[in-house]
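Enquirer: Build me a structure from this.
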Amino acid sequence: MDVHQFRELALSFPDAIETPHFERNSFRYRKKIFATLSEKEGLACLMLTPEDRMCFVAMGKPAVYPVPNKWGEKGATYVDLNEVNRDLLADALEAAFRKIRS
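Expert: Sure, this is the predicted structure:
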């Protein structure tokens, strides 16, 4: 998985847009961020529920891991794009998108 493939997946959701967010790019639905991307690092951050985060971390180790701070406790999850399985990432992105739509 590379950053271009990630971008394509993230923008495949209805009305998803990409905008700058500090030193990263963010992927949003109606101004709510569901994912960010650090192109230089090949690292994405998905905004999951804590329950979804636990499941995806368990299935995706070592490529999927919690953000080590308060954001991580709320469900923020790092994904190493160089290591992650495409199907797992697609499912995790869908879960992040679903979270902000509800």
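Enquirer: show me what contacts the closest residue in space to Gly75 that isn't next to it in sequence?
Expert: Nearest residue to Gly75, sequence neighbours excluded (CB to CB, 6 or more residues apart in numbering): Leu48, at 4.3 Å. C-beta coordinates here come from the backbone N, C-alpha and C atoms, glycine included. Leu48 makes contact with Phe56, Gly75, Ala76, Thr77, Ala92, Ala95, Ala96, Lys99, according to CB atoms under 8 Å, 6 or more residues apart in numbering.
Enquirer: Where neighbours are concerned, which of the residues you listed has the most?
Expert: Using other CB atoms under 10 Å as the neighbour test, the contacts of Leu48 are led by Ala96, with 29 neighbours.
Enquirer: Assign a three-state SS to that residue, would you?
Expert: Classification of Ala96 using DSSP: H, G, I helix; E, B strand; the rest coil returns helix.
Enquirer: And it, how far from Ser26?
Expert: Applying CB to CB, to the nearest Å, the value for Ala96 to Ser26 is 12 Å.
Enquirer: I am finished for the moment; much appreciated.
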